[in-house]
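1. Build me a model from this:
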Amino acid sequence: MLRLSFQRLAFISILAVFSLIIGLKTSVAIFYLLFSFILALILLSLACIAAGYFGAKLEFNRSVITKIEEDDSVEIKMAVTNASFIPLFNLLFEDNLSCAEPGQMRRTILIDFLGPGASRSINYSCVCPKRGKFALGPAIIYFFDPFGLFCFKKVYPAFSDIYVYPRTFPITKFPPLVKGVLPWFGIETSHTSGDEDEFFGVRAYKEGDPIKRIHWLSSARKNALIVKQFQRQNFFRATIIFNLERSRNYGEGKESVAEYIVRIAASVAKYLINNNVAVEIIAQAGEIVHIPFNKGPEYLEDVMKFFTVAKPESEVSLIEIFQEHARHVADSSSLVVIMLDKDWEHFSAMLSLDKRNVCLIPLIVMSSTFNYAFDKKEVIIDAMQKVSRWVNFNPIIFSKGDRLEEAFLR
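-> As a prediction, this is how the structure comes out:
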């Protein structure tokens, strides 16, 4: 695309008028001479741009970390390579950074010369203030003529994805969890008659091992006695359930109900997984999301990617989500409910899980504190009075402006 700015157009017009005046004041021959000079200058400029625009072959290699947290700075290294035999002059490189703050989403760097086969490394950075999945790019090159009169714009599809995770906070003290005795997922296990332990593997026979545990097939293969090994599988499992309602997302930006819920859920999930707890996610963010029980670094990344893109688009209530998906909550496990103070009336319905040895851990976000002027102390006291009806529960309460990590220390 040819780009001719108003300033350059005005310069050419003034030059043409000046040549006409000189020609009229002197002779027609001088006018033609000046006009021919201007025309040759324009044609030469266009020819230089066209040679670079149509003849150049540019390659881009963007190096950037793909996962960071909110408010972190991301360092970007872009290598621009001229893969053609044409030398390039006066290039203006532009990259689009959708993860940056408004007004900082474009980075432009002048490349004065890029020889055939040469590469130029460009380093820049930006702060990513908002969680989400972002596509960096495309890369744009402006080809300028030697005189700076014209430029061609060319867009290159050089994209890179980056996940800006919600910023988590450290948890030093968490309510006790319930331990189950089911086998770990992914390990081939089977029940043995009359034994509560689980099949774990095989090993060489040792004196005193019962005959009933000899693995005859493996013994025949190895020509030595091999016995089945058993191990009791005790696991902590926790389900995290929350609802990102559109109509109750009070507040703005990071100081909104949905952002607090996402930060709390992400921090709790990270804490539990890092402490070898199998975690399940049940959430509503415009559509129901069910991430089955699992643990480990890879699973944590999958969970964090969901928290990264979750939006407050739910049109249903928390109790509806619970009633439909309570069957997914495992027996002898813990249920972490991230709820609003306005949802507390539904908490009694969740007490039915006690029959399945499920421990309830309520985390309450005081949505009232995001909505209007209030007396924070009175709001919290009112919530605690409601809580006192169930003396076995000690909910963790969050209000707007709190240091969220301190809520787990109260």
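2. how about the nearest residue to Val80 once chain neighbours are set aside, what does it touch?
-> Among residues not flanking Val80 along the chain, Arg120 sits closest, at 5.0 Å (C-beta to C-beta, 6 or more residues apart in numbering). Any C-beta I mention is one placed from the backbone N, CA and C, and that applies to glycine too. Counting by C-beta atoms under 8 Å, 6 or more residues apart in numbering, Arg120 makes contact with 79-81, 111, 114.
3. Show the buried residues in the residues you listed.
-> In the contacts of Arg120, burial by neighbour count holds for 80-81, 111, 114, counting by 16 or more other C-beta atoms under 10 Å.
4. ok, those residues vs Cys99, which is closest?
-> Using C-beta to C-beta, Val80 comes nearest to Cys99 of the buried ones among the contacts of Arg120, at 20.8 Å.
5. The host helix or strand of that closest one pairs with which strands, and in what direction?
-> Element membership for Val80 (DSSP states H and E) is strand 72-82. If you go by DSSP bridges, strand 72-82 pairs up with strand 58-64 (antiparallel), strand 119-128 (antiparallel).
6. ok, the one residue sitting closest to the centre of the chain to Ala56 distance?
-> When C-alpha atoms, centre = their mean is applied to the chain, the residue found nearest the centroid is Tyr163 (3.2 Å). Tyr163 sits 33 Å away from Ala56, going by C-beta to C-beta, to the nearest Å.
7. just Tyr142 next, same as before
-> Tyr142 is 12 Å from Ala56, by C-beta to C-beta.
8. and if you look at Tyr124?
-> 22 Å.
9. who's more crowded, those two?
-> A count of neighbours by other C-beta atoms under 10 Å puts Ala56 above the other of Tyr124 and Ala56, at 20 against 15.
10. okay, now Glu406: neighbour count?
-> Around Glu406 there are 11 residues (other C-beta under 10 Å).
11. Are we agreed that it is in a strand?
-> No. Under DSSP: H, G, I helix; E, B strand; the rest coil, Glu406 falls outside any strand and is assigned helix.
12. Bridged to the residue lying closest to Pro176 once chain neighbours are set aside, which residues?
-> Spatially, and ignoring its direct neighbours in sequence, Pro176 is nearest to Cys359 (7.5 Å; C-beta to C-beta, 6+ apart). For Cys359, the beta-bridge partners are Ser334 (DSSP bridges).
13. give me the beta-bridge partners of Val365?
-> Counting by DSSP bridges, the residues bridging with Val365 are Leu340, Phe398.
14. got a list of what it touches?
-> By C-beta under 8 Å, 6+ apart, the neighbours of Val365 are 257, 260-261, 264, 338-341, 398.
15. out of these, which is most surrounded?
-> In terms of neighbours by other C-beta under 10 Å, those top out with Ile261 at 28 neighbours.
16. quick one: contacts for that residue?
-> 242, 244, 338, 365.
17. show me where the protein has helices.
-> 6-25, 28-55, 216-222, 257-274, 297-309, 318-325, 347-350, 376-387 (DSSP state H).
18. wait, isn't Pro166 in contact with Ile264?
-> No. At 9.5 Å, Pro166 and Ile264 do not qualify as touching, with contact defined as C-beta atoms under 8 Å.
19. Asn96 versus the closest residue to Gly52 other than its chain neighbours, what's the distance?
-> Nearest non-adjacent residue to Gly52, counting by C-beta to C-beta, 6+ apart: Phe143, 4.6 Å away. According to C-beta to C-beta, Phe143 and Asn96 sit 18 Å apart.
20. same question, Ala220
-> Taking C-beta to C-beta, one finds Ala220 at 66 Å from Asn96.
21. more neighbours, the two?
-> Applying other C-beta under 10 Å to Ala220 and Asn96 shows that Asn96 carries more neighbours, namely 16 against 10.
22. and the end-to-end length of stretch 342-351?
-> Distance across stretch 342-351, first residue to last, is 17 Å (C-alpha to C-alpha, to the nearest Å).
23. same question but for stretch 228-239, I mixed them up
-> With C-alpha to C-alpha applied, stretch 228-239 spans 33 Å between its terminal residues.
24. Now do the domain split for this structure, please.
-> 1-165, 184-231, 235-409 (automatic domain parsing).
25. Thr172: which of those is closest?
-> Proximity to Thr172 (C-beta to C-beta) singles out domain 235-409 among these, at 6.8 Å.
26. Measure how far the closest one is from the centre of its chain, please.
-> 20 Å (C-alpha atoms, centre = their mean, to the nearest Å).
27. show me what contacts Ala269?
-> If you count contacts by C-beta under 8 Å, 6+ apart, Ala269 has them with 240, 279, 281, 300, 303-304, 307.
28. Closest one to Val227 out of the residues you listed, please.
-> Nearest member of these to Val227, counting by C-beta to C-beta, is Val279, at 34.4 Å.
29. coming back round to it: give me the contacts around the strand holding Val80.
-> 56-65, 68, 88, 93, 95, 97, 99, 107, 111, 114-128, 136, 139, 162, 164.
30. what about Glu255, how many residues close to it?
-> Other residues close to Glu255 by other C-beta under 10 Å number 13.
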